[in-house]
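Student: Fold the following.
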Amino acid sequence: MAKKLRILSVCSEVTPYATTGGLGDVCAALPGALAERGHQVDVIMPAYQTLKLASAATEALGDPLAIHMAGATVAGRLLEAKIGKRWRLLLVDQPEYFGRESLYVDPATGRDYADNAARFAFFCKAVIEWLARAGFKYDIVHAHDWQTALVMSYLRKWAGWNEWLAAPATLFTIHNAGFEGQFPTVDGRWFDLPTEAYNVDELEFHGGWGLSKGGILHADWVSTVSERYAKEIQTEEYGFRLAGVFAKRVDRLVGIANGIDTKAWDPETDPHLAAHFNAARLDGKAKCKHALLKDFGLPAEWSRRPVLGFIGRLTEQKGLDLIVPIAEDLVAHGYILTILGDSQEKDTPTRKSYKTQLLDLVARFPEFVGVRIGFDEPLAHRIQAGADMLLAPSKYEPCGLVQMCAQRYGTIPVVRATGGLDDTVKGWSKGARGANGFKFSDYQAEALLKALADAADLFTDAKRWRKMIDSAMALDNSWETRVGRYERLYQKIVKTKQEAAQPAIA
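Tutor: Numbers count the residues shown, from 1 in each chain. Have a look, this model is predicted:
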């Protein structure tokens, strides 16, 4: 029997306590799946002002923190939140850094907080302090994205200071290579890394500090969130400026597709739906479609038309540049559009934000297009249940969760063949069997329109459409089907580290 591991998962967000999307979902679901397998899992994150703990109590862990920050000492606390899970939630509390409206972006400007380097340096140093004072050794520390990357660098650079810091093996997961964690040289004062760490072979990155670069180079292993994306990030198109760094770690780089929480996303029990349904009985889905049209103030008679749903951040990455130009054509094809998205982007004198562009569509096509701006979890569930198709035409997509949730609800994804979208959707083609979605390759509005034209044609054939729904709903994208790969990877990393630490035989 494989050894049960003690795991620390270092995350900047965890659903439902504080989240902006897929990263938070993974940082909640993976620990839960690991704990179900008998591993001891702690998750540590910042104690944001927006933290949603309901009535959960918190308890201080040891003495207050006194973290060295650019020649000064900044106080904080380590807390444990009593959330009733099989895994523990630990919090780094520092109100000056984390007592804000948003996790990363200043709502007043629509840009990253100017002191993000200091904020997440404090967080990472607090994680190191926890490792040093916990009173036990973790087998592995698993850090996620640039906000946690300094933990990988500190464990590599500071391992000699404390036996607890030398003990754990490390894994760094890139959820989106587009977020590089780059900061100007002046921000190095917050990091307290040795001077020699600022060089082209470590954290120097295009004239500044590259936190993700450091995490990739200093972790024992690196992972990303789908098999195709692990290959894509080694190219300049998808790896951005980190492509060469990923190529250096190719022998210790692996892609593992995310799963979805099948308890939270279950059309038979989902509390947010107007009616429940399953693959054998789809009458409830029809009721959900009527309810969705009502949610967006769209005419009830459009229930005979194909309804498209979109759920995601309103950014270029998510393919908004393809959707807006073809909206009039989609209406001509009979489509009804329901769009839910969040954005802190501002209009400029030369360009309208995606939010404004979408609201303009509502003004042009008020009977055919519904848009809701903001994050609305219940509405996201109702779109997945009530739409006929889910639109995900991303420019790039490390994994994506919305398409897998859509499949579980019998809502057919229409996706661009990139990253995890390509891995998780089998595209329709004439004569092919088992299709569970539609795919297109070229990042062009015309290519998306062609895929949607094919989907509209197939939608009129009730028998073939039902087969596609059956294929989609038969898929098992649960974390239970993914967690074994993480277990084996963890065991491999731990074993490799232990073998390297053993003295050579004379």
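Student: which residues of this structure score low on pLDDT?
Tutor: 1, 502-506 (pLDDT under 70).
Student: Could you break it into its assigned domains?
Tutor: 6-259+481-501, 283-477 (automatic domain parsing).
Student: Quick check: end-to-end length of stretch 79-93?
Tutor: 7 Å (CA to CA, to the nearest Å).
Student: re earlier: can you redo the domains of the chain as JSON lines with mean neighbour count and distance to residue 273?
Tutor: (C-beta placed from N, C-alpha, C; glycine too.) Below are these laid out as JSON lines (neighbours: other CB atoms under 10 Å; distance: least, CB to CB, whole Å):
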{"stretch": "domain 6-259+481-501", "mean neighbour count": "19", "distance to residue 273": "18"}
{"stretch": "domain 283-477", "mean neighbour count": "19", "distance to residue 273": "5"}
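Student: and residue 271, which of the ones you listed is closest to it?
Tutor: Among these, the nearest to residue 271 by CB to CB is domain 283-477 (8.4 Å).
Student: so what's residue 485 closest to, chain neighbours aside?
Tutor: residue 256 (4.9 Å; CB to CB, 6 or more residues apart in numbering).
Student: I'd say the one you found and residue 489 touch.
Tutor: Yes: using CB atoms under 8 Å, residue 256 is in contact with residue 489, at 7.2 Å.
Student: Name the residues contacting each of those two.
Tutor: Shared contacts of residue 256 and residue 489, defined by CB atoms under 8 Å, 6 or more residues apart in numbering, comprise residue 223.
Student: the strands in the stretch 51-200 of the chain, which residues?
Tutor: 58-60, 65-69, 72-81, 88-93, 105-106, 111-112, 140-144, 169-174, 182-183 (DSSP state E, counting those that start in this stretch).
Student: Now for the closest residue to residue 38 other than its chain neighbours, how many residues are close by?
Tutor: Among residues not flanking residue 38 along the chain, residue 4 sits closest, at 4.9 Å (CB to CB, 6+ apart). By the criterion of other CB atoms under 10 Å, residue 4 has 13 neighbours.
Student: if I look at residue 4, how far off is residue 111?
Tutor: 44 Å (CB to CB, to the nearest Å).
Student: Indicate which one of the domains of the chain is closest to residue 268.
Tutor: domain 283-477 (8.8 Å).
Student: Quote the end-to-end distance of that closest one.
Tutor: 24 Å.
Student: That domain: how far from the chain's middle?
Tutor: 19 Å (CA atoms, centre = their mean, to the nearest Å).
Student: Quick one: name whatever helix or strand follows the strand or helix carrying residue 294.
Tutor: Element membership of residue 294, judged by DSSP states H and E, is helix 283-295. Next helix or strand after helix 283-295 toward the C-terminus (DSSP H and E): strand 307-313.
Student: contacting residues around that following strand?
Tutor: With CB under 8 Å, 6+ apart as the criterion, strand 307-313 contacts 20-21, 289, 292-293, 318, 323, 330, 335-343, 380, 383-384, 386-392, 402, 406, 411, 414, 452.
Student: Could you list which of those belong to strands?
Tutor: 336, 337, 338, 339, 340, 341, 342, 389, 390, 391, 392, 414 (DSSP state E).
Student: Nearest residue to residue 165 in space, please, no chain neighbours.
Tutor: Per CB to CB, 6+ apart, closest to residue 165 is residue 159, 5.1 Å.
Student: how near is that neighbour to residue 168?
Tutor: 10 Å.
Student: Ok, residue 394 next?
Tutor: Residue 394 is 34 Å from residue 168, by CB to CB.
Student: bridging residues for residue 338?
Tutor: residue 309, residue 370 (DSSP bridges).
Student: Hmm, residue 388 and it touching each other?
Tutor: No: at 10.4 Å, residue 338 and residue 388 do not qualify as touching, with contact defined as CB under 8 Å.
Student: List the residues that contact residue 335.
Tutor: 305, 306, 307, 308, 368, 452, 456.
Student: Equivalent analysis for residue 483, please.
Tutor: 30, 33, 34, 36, 37, 259.
Student: show me where the stretch 401-506 of the chain has helices.
Tutor: 402-408, 419-424, 445-459, 462-473, 483-501 (DSSP state H, counting those that start in this stretch).
Student: Out of the domains of the chain, which is closest to residue 269?
Tutor: Nearest of the domains of the chain (CB to CB): domain 283-477, 11.2 Å.
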